[in-house]
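Give the three-dimensional model of this entry:
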Amino acid sequence: GHITVDKKRTGKLFYWLFEAWEKSDHAPLVVWLNGGPACTSMDGLFLENGPFKLEADLKVSVNPHSWSKVAHVIYIDQPVGTGLSYTTSNVYPRNDGDVNRHLLEFFDGLLALHPFLQGREVFLTGESHAGHYLPSLAQALVLRADKQRDQRPPPNEVVAVGGVAIGNGWFDPFHQYGVAEFAHGQGLISSGQVTALKERELKCRAKLTAGTYMSPLCWDL
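Numbers count the residues shown, from 1 in each chain. Sure, this is the predicted structure:
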């Protein structure tokens, strides 16, 4: 379904929630985000750790290794404009604060809609650009929970972050664009190519230092 995430009620985040196969009062809530930015989390659902697996012939089978065997797992398309999430106002998040505000609104709506999730530990997981989203979101949730605990009664259900797990995380572009040494170690490129790529990497870092983040120099690396 969709949950409204902005004050103008024009932005809606799409999610797909799967209850744990093994019923337990202690089953945590696991949140999965794909990266991109703006890559649908349905990738994770159907190609990685979801209860269903999309086969090469486009048939759907049951994934016996699904994370939902032991946890309630939710896949979220975010930010708005990603996958099946949308906005009717053409206003999109422009920074971490915007993204976090939308996700905090999302959690409030989610717990109100599915009360059985209230009081459970939440584990934030994902890959690639989620390596940027998840630490920021975890911090926002923890800071808000600290403020809410000081209020009586708390304005919203407190979301208790149990942990964060990041695969192939994209969190440090200054150091992560350059993969020449790794490629050389795998026997994919020559030492001369390493030198040429290192020179490009220096130019990329100069762009980043100057605040230019949308640079073909870096993307080519």
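
gap between the residue nearest the centre of the chain and residue 142?
Among the residues of the chain, the one closest to the centroid is residue 33, at 3.0 Å (C-alpha atoms, centre = their mean). Distance of residue 33 to residue 142, given as C-beta to C-beta, to the nearest Å: 17 Å. Bear in mind the C-beta positions are built from the backbone N, C-alpha and C, glycine included.

Skipping its backbone neighbours, what lies nearest the residue nearest to the centre of the chain in space?
residue 126 (3.6 Å; C-beta to C-beta, 6 or more residues apart in numbering).

What of residue 98?
residue 79 (7.6 Å).

Name the helix or strand for the one you found, please.
Using DSSP states H and E, residue 79 is not contained in any helix or strand.

What residues does it make contact with?
37-38, 85, 92-93, 98-99, 102 (C-beta atoms under 8 Å, 6 or more residues apart in numbering).

How is the residue sitting furthest away from the middle of the chain assigned, secondary-structure-wise?
Ranked by distance from the centre of the chain (C-alpha atoms, centre = their mean), the top residue is residue 192, with 37.0 Å. Look at residue 192: counting by DSSP: H, G, I helix; E, B strand; the rest coil, its state is helix.

Could you list the low-pLDDT ranges of this protein?
Within the chain, the set of residues satisfying pLDDT under 70 comprises 152, 154-155.

where along it do the strands fall?
2-4, 11-18, 29-33, 52-54, 60-62, 72-77, 86-87, 121-127, 160-167 (DSSP state E).

what helices or strands is the first one leaning on?
Secondary-structure packing of strand 2-4 (3 or more C-beta pairs under 8 Å, 6 or more residues apart in numbering; DSSP states H and E): strand 11-18, helix 96-113.

Which strands border that strand, and is each parallel or antiparallel?
Strand pairing for strand 2-4, using DSSP bridges, gives strand 11-18 (antiparallel).

Report the backbone C-alpha coordinates of the strand it pairs with in PDB.
The C-alpha trace of strand 11-18 is given here as PDB (Å, rounded to 0.1, in the frame of the first residue of the first chain):
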ATOM      1  CA  GLY A  11       3.700  12.500  -1.300                       C
ATOM      2  CA  LYS A  12       3.100   8.800  -0.800                       C
ATOM      3  CA  LEU A  13       5.600   6.100  -0.100                       C
ATOM      4  CA  PHE A  14       4.800   2.600  -1.400                       C
ATOM      5  CA  TYR A  15       5.600  -0.400   0.800                       C
ATOM      6  CA  TRP A  16       5.200  -4.100   0.900                       C
ATOM      7  CA  LEU A  17       5.000  -5.800   4.300                       C
ATOM      8  CA  PHE A  18       5.400  -9.500   5.000                       C
END
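
Show residues contacting that strand.
Contacts for strand 11-18 (C-beta under 8 Å, 6+ apart): 1-5, 42, 45, 50-51, 66, 68, 72-78, 80, 83-87, 89, 91, 102-103, 106, 110, 114.

Give me the buried entries from those.
Among the contacts of strand 11-18, those buried by neighbour count (16 or more other C-beta atoms under 10 Å) are 3, 5, 42, 45, 50-51, 66, 68, 72-78, 80, 83, 85, 87, 102-103, 106, 110.

With adjacent residues omitted, what lies nearest to residue 52?
That would be residue 60: by C-beta to C-beta, 6+ apart, it lies 5.1 Å from residue 52.

so the one you found makes contact with residue 54?
Yes - counting by C-beta atoms under 8 Å, residue 60 touches residue 54, with 6.0 Å between them.
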